[in-house]
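1. how does the following fold in three dimensions:
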Amino acid sequence: MLSHSNQQPGLNAGFSPTAESSRPNLREVIKSGLLYFAVVFGVGCVLGPIRILWAIPHFGVRLGELLEMPFMLVAIIFAARWVTRRLAVPPLLWARLGMGAIALFILLVAEFGLVLQLRGLSVVEYVTSRDPVSGAVYYAMLCIFAVMPWLVAQGQISE
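-> Next up is the predicted model:
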């Protein structure tokens with residue numbers, strides 16, 4: 001029989017380790033998505049000014065945005081692993097992809113709301129004004145952001 005005494009404090013703060021954990025409710029998935037969004041968005045809020053004020057003036061838009069992407073990828077991986085462990089999100093497809101989809105939805109609402117408000121652009125203008133290379137990488141990163149909670153589950157199953 002497995003003992004839960006060696007777990008870190010707060011590990012099961014969101015999902016209980018009982019048999020019912022295989023059926024997390026929507027509220028728990030939303031909570032994990034909100035926390036995942038908050039961590040990644042927080043990192044983006046730190047890196048964004050560095051990109052805008054330093055990288056883009058030195059390297060241009062394309063390279064400035066591309067230089068930020070590896071740091072964001074590390075933040076996405078870290079956040080997905082940390083949130084799923086902290087809230088004990090079960091490695092179920094719907095729970096993990098639900099977490100990522102909720103986080104992505106909130107991220108897009110926040111980004112479009114903030115960016116469109118600050119730059120005075122429509123959604124179409126925003127999408128079409130992106131650099132074709134760094135923009136494509138950005139859209140790929142959004143997809144990675146959405147599926148990363150499920151991807152990290154693949155490694156946790158064997159742990």
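
2. gap between the helix or strand of the chain with the lowest mean pLDDT and the chain center?
-> In the chain, no helix or strand scores lower on mean pLDDT, DSSP states H and E than helix 123-129, which sits at a mean of 88. Centroid separation for helix 123-129 versus its chain: 22 Å, with Cα atoms, centre = their mean, to the nearest Å.

3. and stretch 126-135, by the same measure?
-> Worked out by Cα atoms, centre = their mean, stretch 126-135 lies 20 Å from the chain centre.

4. and the contacts of it?
-> Residues outside stretch 126-135 that contact it (Cβ atoms under 8 Å, 6 or more residues apart in numbering): 61-62, 65-66, 69, 112, 115-116, 119, 121, 138. All C-beta atoms are positioned from the backbone trio N, CA, C, and that covers glycine.

5. endpoints of that stretch, how far apart?
-> Start-to-end span of stretch 126-135 (Cα to Cα, to the nearest Å) is 10 Å.

6. what stretches of the protein score poorly on pLDDT?
-> 1-24, 156-159 (pLDDT under 70).

7. could you pull out the strands for it?
-> Counting by DSSP state E, the chain has no strands at all.

8. so how far is G155 from V123?
-> Going from V123 to G155 by Cβ to Cβ, to the nearest Å gives 36 Å.

9. my bad, should have said P49
-> 33 Å.

10. same check on T128?
-> From T128 over to G155 (counting by Cβ to Cβ), the distance is 38 Å.
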